[in-house]
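>>> Here's a sequence, model it:
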Amino acid sequence: MVKHNIKVAVRNLLKYKLQTVVSILSLALGMVFFSLTTLWLRQERNYDSFHRDVENIYLEVRKKYADNNYDAYMFFSELENQAAKYPQIESWARTGIQKKCHFYDGDQQIDEITGMMVDDNYQDFFDVKILSGGDRLVLQGNEIAITESCAKRFYDGDALGKQLNNGFDILDIKYVIEDPRQPSVFRYDYLSAFNERDKDGGVYSTYGFLRVAPENLASLSTWLENDTVSQSYTYTDAMGQEKTFSYYKVENFKLIPMKEIRNYDYLDYVPVKSKYVWFFMILSIIMIICALVNYYTMLVTRMGIRVREISLRFANGASMLQVVGLFATEIVMLLVLALFIGAIICEIGLPYFIDLCGIDRSAGFFILSYLLYSFSVGVLSLVAATGIISVVSRRNLSKSLGNNKGTHSSAGYRVSIGLQLAISICVIFCSVVMTAQIVFMTGSREMGFDKRNLGILYHIGMTASEVDAVKAELRKIPEIDMFTYGFRDPIADYHSYSSISLSQEESEES
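Numbers count the residues shown, from 1 in each chain. Here you go, the predicted model:
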């Protein structure tokens with residue numbers, strides 16, 4: 001009986017080749033997108049969820065008056081002053097920007113590494129485990145703490161007392177620490193101390209993390225919304241004497257929960273936000289539903305055409321379970337083929353997906369997860385198909401007993417195809433219109449902003465004297481027709497970016 005059902009299923013799938021191919025490809029793509037986006041969302045939800053007391057850890061961000069957006073950079077002493085002022089802050093720690101650089105063995109570049117500056121509170125705040133070198137993580141000057149994996153990669157584990165050349169400085173390895181747990185916004189190969197320039201009172205160079213109990217959060221947030229900050233500015237007067245001007249200003253701060261930092265671009269650039277991943281997952285579910293609805297519509301239509309066959313099977317003693325099994329075999333074969341095609345698509349697209357989502361797992365993990373998620377989708381699809389087949393078989397049997405001609409109306413089939421066609425045309429039209437509108441708003445000169453031959457130089461953590469020196473050099477370049485400072489691009493799109501790294505000697509010469 002099973003062999004007969006398989007033969008009938010293969011014959012029907014081959015008879016309707018176009019519908020079969022469309023259903024298989026739609027299901028395969030839908031299951032691939034659904035399984036991979038589900039994995040991605042699980043990854044995003046787990047970012048920094050492992051920290052001790054993570055529900056009470058916050059990143060403090062500062063409101064920028066230029067555009068009313070928020071920035072995570074603070075002055076080095078700012079968080080320390082706030083902790084002394086507000087008793088609601090239980091503990092705090094500071095980090096610097098994560099900088100990528102190259103590891104050199106002599107003059108030969110070996111590998112790319114990432115360093116991050118931290119203060120003396122970082123170890124206790126984020127529970128950094130020291131494997132060798134001491135108990136307290138206290139870094140000064142060019143001393144660094146290197147991760148265990150980096151120590152094994154460069155020094156076969158014996159890294160204490162060795163030196164690391166990152167292309168800019170010679171760093172002395174004082175500690176070997178445990179690798180940062182992942183997924184996390186912290187990804188570093190070594191930790192270093194803040195240098196004197198970053199401790200300058202006029203440089204935004206620090207990220208501030210603090211721990212606040214839930215009952216104190218509301219009051220602290222209210223105070224931070226209008227916090228009075230003391231600042232000083234050093235300048236040289238007309239007599240050549242260096243003077244310091246101190247003043248107070250009101251800053252607006254707010255707190256971002258540790259588990260939500262990933263949703264912003266405060267600490268690192270996130271190429272795809274989680275809300276877009278949700279959007280892709282919903283689209284994959286819609287694609288699966290559309291593929292199944294399309295197939296179920298064809299199945300019901302075929303069962304109507306084969307009403308006499310179904311009646312004859314019942315007349316010859318076939319049970320409802322056997323009739324259901326006959327048609328269920330067809331959808332099982334369809335699901336197996338979709339699962340196989342989807343696995344091939346998943347294998348081809350995995351390198352690009354892994355690079356985009358940043359999930360550090362083997363290809364086997366993704367394939368296994370895809371098979372598990374797709375199997376769940378297949379079981380639900382089969383259950384739904386079984387119910388449809390059972391109901392339609394009973395209805396067709398009743399129709400056949402009441403009408404010997406066994407006629408069949410194709411009105412439902414035509415309505416279904418027409419509805420799907422109308423929806424597809426509407427989606428395509430809306431997508432084309434929205435894309436054209438976005439291109440017009442971001443790239444057209446008719447919007448009052450021409451981006452051609454325009455360059456924008458962003459700077460972070462530069463002192464006023466350094467900014468003045470850069471401005472003076474830019475004005476000397478004859479290829480620059482016009483130069484202005486303090487201007488912000490209102491629509492950040494359609495740019496090409498480039499960066500230049502200079503060694504200390506090259507920087508002094510330039």
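>>> Look at the closest residue in space to residue 185 that isn't next to it in sequence and report its pLDDT.
Using C-beta to C-beta, 6 or more residues apart in numbering and skipping residues adjacent in sequence, the residue nearest residue 185 is residue 267, 4.7 Å away. Any C-beta I mention is one placed from the backbone N, CA and C, and that applies to glycine too. The confidence metric pLDDT takes the value 78 at residue 267.
>>> all helices of the protein, in order?
2-15, 17-45, 78-85, 122-126, 148-155, 214-224, 274-305, 307-315, 320-357, 363-402, 411-443, 464-476, 504-509 (DSSP state H).
>>> closest one to residue 253 among those?
Nearest to residue 253, of all these, is helix 214-224, at 4.0 Å by C-beta to C-beta.
>>> ok so, going back, didn't the residue nearest to residue 185 look like it was pressed against residue 207?
Yes - if you go by C-beta atoms under 8 Å, residue 267 and residue 207 touch, sitting 6.6 Å apart.
>>> okay, the two: which has more neighbours?
residue 207 (24 against 19; other C-beta atoms under 10 Å).
>>> how close does that one get to residue 117?
10 Å (C-beta to C-beta, to the nearest Å).
>>> And residue 9, by the same measure?
65 Å.
>>> Settle it for me: which of these two has more neighbours?
More crowded of residue 9 and residue 117, by other C-beta under 10 Å: residue 117, with 23 against 19.
>>> could you give the mean pLDDT of stretch 51-69?
So the average pLDDT for stretch 51-69 ends up being 83.
>>> Burial check on residue 176, number of neighbours?
22.
>>> do the same with residue 144
If we define neighbours as other C-beta under 10 Å, then residue 144 has 24 of them.
>>> wait, it sits on residue 170?
No - applying C-beta under 8 Å, one finds residue 144 not in contact with residue 170, separated by 10.4 Å.
>>> any residues in contact with both of these two?
Listed as contacting both residue 144 and residue 170 by C-beta atoms under 8 Å, 6 or more residues apart in numbering are residue 164.
>>> All the strands of the stretch 51-200 of the chain, residue numbers only.
For the stretch 51-200 of the chain, strands defined by DSSP state E, counting those that start in this stretch occupy the ranges 57-63, 70-71, 89-95, 99-105, 108-118, 130-132, 143-147, 163-165, 170-177, 190-193.
>>> any chance of these in a markdown table, with distance to residue 431 too?
Listed next are those as a markdown table, based on distance: least, C-beta to C-beta, whole Å:
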| stretch | distance to residue 431 |
| --- | --- |
| strand 57-63 | 35 |
| strand 70-71 | 32 |
| strand 89-95 | 42 |
| strand 99-105 | 37 |
| strand 108-118 | 39 |
| strand 130-132 | 53 |
| strand 143-147 | 45 |
| strand 163-165 | 51 |
| strand 170-177 | 49 |
| strand 190-193 | 46 |
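>>> Mind checking those strands for the one nearest to residue 343?
strand 108-118 (33.1 Å).
>>> CA-only coordinates of the closest one in CSV, if you can.
Output of strand 108-118 as CSV, limited to C-alpha atoms (Å, rounded to 0.1, in the frame of the first residue of the first chain):
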residue,chain,number,x,y,z
GLN,A,108,56.4,41.2,10.0
GLN,A,109,52.7,41.6,10.5
ILE,A,110,51.3,38.4,12.0
ASP,A,111,47.6,38.9,12.9
GLU,A,112,44.9,41.5,13.7
ILE,A,113,44.0,42.0,17.3
THR,A,114,41.6,44.2,19.3
GLY,A,115,42.5,46.2,22.4
MET,A,116,40.3,48.0,24.9
MET,A,117,41.2,50.5,27.6
VAL,A,118,39.7,49.8,31.1
